[in-house]
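Participant: What would the 3D arrangement of this be:
(one chain, ligands or ions: 2)
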Amino acid sequence: FSLSLCPFCQKRERLLHIWGKMDLMAHSSTFLLPTISGDHRPSFTYVLVVLNQRLPRFTPLLWKHSQLRLCADGGANRVYDEMPLLVPHEDALDVRHRYKPDLIKGDMDSVRTEVLDFYTSLGTMVVDESHDQDTTDLHKCISHIRDFTPDLDKSNLCVLVAGALGGRFDHEAGNINVLCRFSTMRIILISDDCLIYLLPRTHYHEIHIQSSLEGPHCGLIPIGMPSGNTTTTGLQWDLNEMEMRFGGLISTSNIVRGGKVTVRSSSDLLWTISIKKT
Ligand SMILES: Nc1ncnc2c1ncn2[C@@H]1O[C@H](COP(=O)(O)OP(=O)(O)OP(=O)(O)O)[C@@H](O)[C@H]1O
Ligand SMILES: Cc1ncc(C[n+]2csc(CCO)c2C)c(N)n1
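Facilitator: Ligands and ions are numbered 1, 2, ... in the order given. Presented below is the predicted three-dimensional model:
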């Protein structure tokens, strides 16, 4: 441990104390691994939220890993239109029946009537929140998961958000803002190319790299304000009690060196890592 000033209380002796007591938060993208029947490795309770963006190619896998599947408004159109394209060897109607969302929620200005009718006839729940024009459809879905899913094990909950990146920048920023607004929940934004999640300052982080599926390119990015003091291991360009800020240093185009990256910081940070093409 370093002996420099504690970023929280500015006292030298407290740093060891705080880092030593800080809880570990472990991360691993096992949701990108194929599901194996009879495999009982300890894992998260996954919930999938599908957004109104082209579905990532591995969406059927995310669906299979998840115990609950929500569509944010026009996300339902994507499941209806694009799931059959991702499972091309099966009949489109069979695929649509098999990939039935549990809930469609949003302001309902994008989901098509035929899609809504199709899924409601199969028993999908619909929550119309068109009165709320101040929060995004993703925000509405995350609130729902937080407030109305008592049966799910909350302590082990991990929300996978498919189609969150690579589209309109205002939507991308809104999606990242959801990570900040719900900073105590594990939420992972996913596209075909990368994933992003928040590393809360309250924890010391160990990121276990699925190197066959993700990396090596990665980044650590402060959000909203300069990040006070960050130390990492396992990166080609490690940070050693470094401050980051927009307008100064932020860590982009970094590279994971091995199977584990550790991060501790006095500020919440975004972690991003590339997803491999094959
Ligand atoms: N191009 C995009 N890039 C990233 N995320 C997107 C994009 N389009 C939609 N989303 C996400 O999907 C959710 C549902 O999308 P939908 O198009 O139904 O929203 P919307 O509120 O009708 O959007 P708008 O009226 O601004 O076009 C959004 O809340 C957002 O999180
Ligand atoms: C300052 C401010 N900017 C934009 C919007 C618009 N807006 C934000 S979320 C949302 C719902 C999208 O489904 C809409 C229309 C607002 N309300 N307040």
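Participant: show me where the stretch 151-278 of the chain has strands.
Facilitator: Listed in chain order, the strands of the stretch 151-278 of the chain (DSSP state E, counting those that start in this stretch) span 157-162, 186-190, 194-199, 203-208, 214-222, 227-233, 242-244, 251-255, 260-265, 269-275.
Participant: Put together CSV for those strands, with distance to D73, mean neighbour count and mean pLDDT on each row.
Facilitator: Backbone N, C-alpha and C define where each C-beta goes, glycine included. Shown next, in CSV, are the strands of the stretch 151-278 of the chain (distance: least, Cβ to Cβ, whole Å; neighbours: other Cβ atoms under 10 Å; pLDDT from 0 to 100):
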stretch, distance to D73, mean neighbour count, mean pLDDT
strand 157-162, 14, 25, 97
strand 186-190, 17, 24, 98
strand 194-199, 21, 21, 98
strand 203-208, 32, 18, 97
strand 214-222, 28, 19, 98
strand 227-233, 33, 21, 96
strand 242-244, 34, 18, 97
strand 251-255, 31, 15, 98
strand 260-265, 34, 20, 98
strand 269-275, 25, 21, 98
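Participant: Could you export those strands as CSV, including distance to ligand 2?
Facilitator: Below are the strands of the stretch 151-278 of the chain laid out as CSV (distance: least, Cβ to the nearest ligand atom, whole Å):
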stretch, distance to ligand 2
strand 157-162, 15
strand 186-190, 17
strand 194-199, 20
strand 203-208, 30
strand 214-222, 23
strand 227-233, 26
strand 242-244, 28
strand 251-255, 28
strand 260-265, 30
strand 269-275, 21
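Participant: Let me have those strands in CSV, extended by distance to Q67.
Facilitator: Shown next, in CSV, are the strands of the stretch 151-278 of the chain (distance: least, Cβ to Cβ, whole Å):
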stretch, distance to Q67
strand 157-162, 10
strand 186-190, 14
strand 194-199, 19
strand 203-208, 22
strand 214-222, 23
strand 227-233, 33
strand 242-244, 36
strand 251-255, 34
strand 260-265, 28
strand 269-275, 23
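Participant: quick one, helices of the stretch 51-200 of the chain?
Facilitator: 59-65, 75-86, 92-98, 113-121, 137-148, 169-181 (DSSP state H, counting those that start in this stretch).
Participant: so can I have TSV of these showing mean neighbour count, distance to S43 and mean pLDDT?
Facilitator: Listed next are the helices of the stretch 51-200 of the chain as TSV, based on neighbours: other Cβ atoms under 10 Å; distance: least, Cβ to Cβ, whole Å; pLDDT from 0 to 100:
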stretch	mean neighbour count	distance to S43	mean pLDDT
helix 59-65	19	8	97
helix 75-86	20	23	98
helix 92-98	14	22	98
helix 113-121	14	28	98
helix 137-148	20	17	96
helix 169-181	16	21	98
